[in-house]
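**Q** coords please:
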Amino acid sequence: MDFHRAICDISHPIYRRVFKYLLIVTAPCRRVRQDCPPIYENNVMIEVVLNKRCVNKLRRELRRAGSKEIGGILAGQDLGDGRFLVLDLSVQRDGSFSHFRRSSPKHHQFMRQFFERTGHDYQRFNYLGEWHSHPSFPALPSQTDFSQMQKLIEERDQNAQFLVLLVVKMPKSIIEASAYAFRRCQSPLRIGLSSTETGNITDSASYWEKQQKHGKVFGRSGRACLKKALNVLEKFIK
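**A** Residues are numbered from 1 along each chain as shown. Got it, this is the predicted structure:
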């Protein structure tokens, strides 16, 4: 059996089993900058906090989406001292097994309604950034995610000083997530992430940092890691 052909042919009967295994084995090698220090503004660490409503909404939508990626935009409140509370989030459900791209005009309507509810107080209540799910991947941004978010913050009509990207998944009852901030002409950096109720969300970036610290991942070379995974998988499907 041609392993590489099996990987490329999405109609192959063992494609999903092989691909999911490959994703798990190579996950540590696909990380990008989650070991960076958290971002600070005026010497205060920036933290994104999800309220109970958003956590419940994410649980419901992630359960409904299954293996398909979904996403949307984040709307929140500036609490001061570098803390931002996510009050609501929009949902777009037309992603695929391994891809999501926000495109629905409903997101603009969502923000207009949010501004109306908050009295058009743009200084305190505004657009925070984007979110999407990785049901079959670690809850960490991909290279494509990083480049798309950087492109978004660099747009001429973008008024935000920074934008947040939240990546989530829910393998069990607790949501796994990571949050990153993007600024003009600067590298993306990890930011603090929590919820208004403890135990509802875990930080995936922190988890992978601990794995790396304790030597529970393959070497730093992504190529070496991928080669090892391919060798294992070739034996797996023969």
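
**Q** list the buried residues for the host helix or strand of residue 148?
**A** Take DSSP states H and E as the rule and residue 148 turns out to sit in helix 143-153. Of all the residues in helix 143-153, those buried under the rule 16 or more other CB atoms under 10 Å are 145-146, 148-150, 152-153. To be clear about C-beta, it is placed using only N, CA and C from the backbone, and glycine gets the same treatment.

**Q** same question for stretch 158-175.
**A** 160, 162-170, 175.

**Q** and if you look at stretch 49-57?
**A** Applying 16+ other CB under 10 Å to stretch 49-57 flags 49-51, 54-55, 57 as buried.

**Q** and which of these is nearest residue 72?
**A** Nearest to residue 72 among the buried residues of stretch 49-57: residue 57, at 10.0 Å, using CB to CB.

**Q** and the closest one, what does it touch?
**A** Residue 57 is in contact with 89, 91, counting by CB atoms under 8 Å, 6 or more residues apart in numbering.

**Q** repeat that for 7 Å
**A** Residues in contact with residue 57 (CB atoms under 7 Å, 6 or more residues apart in numbering) are residue 89.

**Q** can you tell me the SS state at the spatially closest residue to residue 99 that is not a sequence neighbour?
**A** Excluding the flanking residues, the one nearest residue 99 by CB to CB, 6 or more residues apart in numbering is residue 69, at 6.3 Å. Using DSSP: H, G, I helix; E, B strand; the rest coil, the structure places residue 69 in coil.

**Q** roughly how far apart are residue 69 and residue 86?
**A** Residue 69 is 19 Å from residue 86, where distance means CB to CB, to the nearest Å.

**Q** sorry, back to before: ok, which pair from the buried residues of stretch 158-175 is furthest apart?
**A** 160 and 170 (27.7 Å).

**Q** pretty sure residue 111 sits against residue 76.
**A** No. Using CB atoms under 7 Å, residue 111 is not in contact with residue 76, being 11.5 Å away.

**Q** picking up where we left off before, make CSV out of the buried residues of helix 143-153 and add pLDDT.
**A** Shown next, in CSV, are those (pLDDT from 0 to 100):
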residue, pLDDT
145, 93
146, 94
148, 93
149, 95
150, 95
152, 94
153, 95
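
**Q** max pairwise distance over these: which two?
**A** 145 and 153 (12.8 Å).

**Q** show me the helices in this structure, by range?
**A** 3-8, 15-26, 52-65, 106-117, 143-153, 204-213, 222-237 (DSSP state H).

**Q** who are the packing partners of the fifth one?
**A** The elements that helix 143-153 packs onto, with contact taken as 3 or more CB pairs under 7 Å, 6 or more residues apart in numbering; DSSP states H and E, are strand 163-169, strand 175-182.

**Q** let me have those strands in a markdown table, extended by distance to residue 201.
**A** Below are the helices and strands packed on helix 143-153 laid out as a markdown table (distance: least, CB to CB, whole Å):
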| stretch | distance to residue 201 |
| --- | --- |
| strand 163-169 | 8 |
| strand 175-182 | 5 |
